[in-house]
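Peer 1: this one's sequence-less:
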């Protein structure tokens, strides 16, 4: 599986996919899942999150109830929050025409977040007598691919992964924004960053070459690899917003989410309730072991993300293979066949492949081949 090189490339691909989706009458946005522990792991979709496509998400770093922000692929940011156990949705009234390719929470104040602009630079967006927006000073001179806030610092603190490698730190000191480069991982390209809520100045970096680094301050900056994080490919990471020990989640490129945590040493497991493909993860500070997953767009709803789907436009209910293709798409009725037998042979062959892959039963295979044999496809027109 080809690794994702950087988030800018992923964003361009997403634009192309969304353009194709917009022209379809069966368009389906990815949607956002909330994944949490309550007598076991659970998963559910955030209401109204599948109406438009999003490119990035973040939780709120300091709000004691469920609060989530999502960057729209057509620009601007939507806000989702729980009010009296009911999910609500609104659009932040600033930055409405700005495309953000990543979002990050700030733990120093509720309703404060950062947006990494596709055109360069980082915005800070906050509530203070209404929603406000301003550019983080010094953030426009370098191209960044990912950002994260600090999960445990009581003042504004932000990290940004440079497109040429390494991480810059932005922080407020005496009311003034400062900037510096972390002295570790200076040649490493990170495609996602995540905060850790258990300690200030501790973050995680998802390497473009594979594996996850933990970066922290303890008598100076240090860096280490999270054990077993380089076994499979990941596309996004997030820390846990409310856990007092090191806890990390990583979205697998082949679907599902792995969890890493420290318990007398690093441990690893897979969350058992979802195999969806997520292109972004976000933490929630209102409860431990609660995260959000931004699902990859799936235009035809066949369970295969558009980016990996070789056969867009699958009819609803059709069984597809790992490439997103149904039997009908492997053997299209409008192809030019030498004769009827060639068409039936195509269907029989693909049906056998589907059977061996466990996608259909023997009886279903027989019915499919029988229907093909009874059709007029491939026969000379009278």
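Peer 2: Thanks, I have the structure now. Please read these numbers as outputs of a predicted model, since none were measured by experiment.

Peer 1: all helices of the stretch 1-150 of the chain, in order?
Peer 2: Per DSSP state H, counting those that start in this stretch, the stretch 1-150 of the chain carries helices over the ranges 7-22.

Peer 1: Below-threshold pLDDT in it: ranges please.
Peer 2: 1-29 (pLDDT under 70).

Peer 1: Break down it into its strands, ranges please.
Peer 2: For the stretch 1-150 of the chain, the strands defined by DSSP state E, counting those that start in this stretch cover 32-37, 41-45, 54-59, 67-72, 77-83, 86-91, 100-105, 112-117, 122-127, 131-135, 144-149.

Peer 1: The second one packs against which elements?
Peer 2: Packing partners of strand 41-45 (3 or more C-beta pairs under 8 Å, 6 or more residues apart in numbering; DSSP states H and E): strand 32-37. C-beta coordinates here come from the backbone N, C-alpha and C atoms, glycine included.

Peer 1: Same question for the strand it packs on: list its buried residues.
Peer 2: Within strand 32-37, the residues scored as buried using 16 or more other C-beta atoms under 10 Å are 32, 33, 34, 35, 36.

Peer 1: how about residue 343, secondary structure?
Peer 2: Following DSSP: H, G, I helix; E, B strand; the rest coil, residue 343 is assigned to helix.

Peer 1: how about the strands of the stretch 1-150 of the chain in TSV, adding distance to residue 358?
Peer 2: As requested, the strands of the stretch 1-150 of the chain are exported to TSV (distance: least, C-beta to C-beta, whole Å):
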stretch	distance to residue 358
strand 32-37	25
strand 41-45	24
strand 54-59	33
strand 67-72	36
strand 77-83	37
strand 86-91	36
strand 100-105	38
strand 112-117	42
strand 122-127	47
strand 131-135	51
strand 144-149	38
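
Peer 1: re earlier: return the closest of the buried residues of strand 32-37 with respect to residue 330.
Peer 2: Distance to residue 330, by C-beta to C-beta, is smallest for residue 33 among the buried residues of strand 32-37, at 30.6 Å.

Peer 1: burial count for the closest residue in space to the closest one that isn't next to it in sequence?
Peer 2: Residue nearest to residue 33 in three dimensions, not counting chain neighbours: residue 293, with 4.5 Å by C-beta to C-beta, 6 or more residues apart in numbering. Neighbour count for residue 293, taken as other C-beta atoms under 10 Å: 30.

Peer 1: so residue 293 makes contact with residue 281?
Peer 2: Yes. Taking C-beta atoms under 8 Å as the definition, residue 293 is a contact partner of residue 281 at 5.7 Å.

Peer 1: which residues are in contact with both of these two?
Peer 2: Listed as contacting both residue 293 and residue 281 by C-beta atoms under 8 Å, 6 or more residues apart in numbering are 251, 257.

Peer 1: For the nearest residue to residue 212 once chain neighbours are set aside, give me its contacts.
Peer 2: Once flanking residues are discounted, residue 212 sits nearest to residue 229: 3.9 Å by C-beta to C-beta, 6+ apart. Residues near residue 229 by C-beta under 8 Å, 6+ apart: 211, 212, 250, 260, 268.

Peer 1: Can you check the pLDDT for the fourth one?
Peer 2: When you say that, I think you mean residue 260. pLDDT recorded at residue 260 is 97.

Peer 1: just checking, it touches residue 231?
Peer 2: No. Using C-beta under 8 Å, residue 260 makes no contact with residue 231, being 11.3 Å away.

Peer 1: between these two, who's got more neighbours?
Peer 2: Using other C-beta under 10 Å, the more surrounded residue of residue 260 and residue 231 is residue 260, with 22 against 11.

Peer 1: and the more buried one, what is it in contact with?
Peer 2: 212, 226, 228, 229, 246, 247, 248, 249, 250, 266, 267, 268 are the contacts of residue 260 under C-beta under 8 Å, 6+ apart.

Peer 1: tell me which element the third one is part of?
Peer 2: So that's residue 228. Under the criterion DSSP states H and E, no helix or strand holds residue 228.

Peer 1: per-domain residue ranges of this protein.
Peer 2: The record's domain parsing of the chain by automatic domain parsing lists 7-295, 327-374.

Peer 1: what about those domains, which gets the closest to residue 312?
Peer 2: Among those, domain 7-295 comes nearest to residue 312, with 6.8 Å by C-beta to C-beta.

Peer 1: List phi and psi for the residue nearest to residue 33.
Peer 2: With angles defined as degrees, to the nearest 10, residue 293 sits at phi -130, psi 120.

Peer 1: what would the contacts of residue 229 look like in TSV with distance to residue 314 and secondary structure?
Peer 2: Formatted as TSV, these follow (distance: C-beta to C-beta, whole Å; DSSP: H, G, I helix; E, B strand; the rest coil):
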residue	distance to residue 314	secondary structure
211	35	coil
212	34	strand
250	29	strand
260	35	strand
268	34	strand
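
Peer 1: and of those, the nearest to residue 364?
Peer 2: Closest to residue 364, out of all of these and judged by C-beta to C-beta, is residue 250, at 36.4 Å.

Peer 1: Just grab the bridge partners of that closest one for me.
Peer 2: When assigned by DSSP bridges, residue 250 has beta-bridge partners residue 237, residue 258.

Peer 1: who's in contact with it?
Peer 2: 206, 212, 229, 234, 236, 237, 257, 258, 259, 260, 281.

Peer 1: doesn't residue 234 make contact with the second one?
Peer 2: Yes. Assessed by C-beta under 8 Å, residue 212 is found in contact with residue 234 at 7.1 Å.
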